[in-house]
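[1] pasting the structure only:
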């Protein structure tokens, strides 16, 4: 009988420690998908904040989620650099030799670079 009491007490102590550790867990995740733009058809673009990377003297790398009207999600890696007349971008899948495109005049890209600059570290 004494052995059963000890096992029960140990079990209750273990459960209470497990529960209390869950209650006092202060770790929070810093990564988030930040809304940047909505399309008229219901699709949206989100910036994956944990992917923002500033390459010193070059520009910003970022991955976005492009969610279409029926909920399908695609990820695109973009590169932004500041140059003559403002910000420029390109799809990183195109490679280093691909031409850059001006951000101004493209509301989607203007919204994305705004979020990137807000969340860049």
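    Noted; the coordinates are in hand. Not measured: the values here are computed from a predicted model.

[2] contact partners for the residue nearest the centre of the chain?
    Nearest to the geometric centre of the chain sits residue 48, at 2.1 Å (C-alpha atoms, centre = their mean). Residue 48 sits next to 31, 33, 62, 63, 64, 65, 75 when contact means C-beta atoms under 8 Å, 6 or more residues apart in numbering. Backbone N, C-alpha and C define where each C-beta goes, glycine included.

[3] which one of these is nearest to residue 111?
    Ranked by distance to residue 111 (C-beta to C-beta), the contacts of residue 48 are led by residue 64 at 10.2 Å.

[4] the closest one sits in which helix or strand?
    Assessed by DSSP states H and E, residue 64 sits inside strand 59-67.

[5] any idea of the mean pLDDT in the next helix or strand after that strand?
    Toward the C-terminus, strand 59-67 is succeeded by strand 73-83 as the next helix or strand (DSSP H and E). Across strand 73-83, pLDDT averages out at 95.

[6] can you give me the buried ones in strand 73-83?
    The neighbour-count check on strand 73-83 (16 or more other C-beta atoms under 10 Å) flags 78, 79, 80 as buried.

[7] what bridges to the last one?
    Put plainly, it is residue 80. Here residue 80 sits in beta bridges with residue 60, residue 89, going by DSSP bridges.

[8] gap between it and residue 55?
    10 Å (C-beta to C-beta, to the nearest Å).

[9] for this protein, what are the low-confidence residue spans?
    Counting by pLDDT under 70, the chain contains low-confidence residues at 1-30.

[10] please verify my assumption that residue 46 contacts residue 35.
    Yes: counting by C-beta atoms under 8 Å, residue 46 touches residue 35, with 5.7 Å between them.
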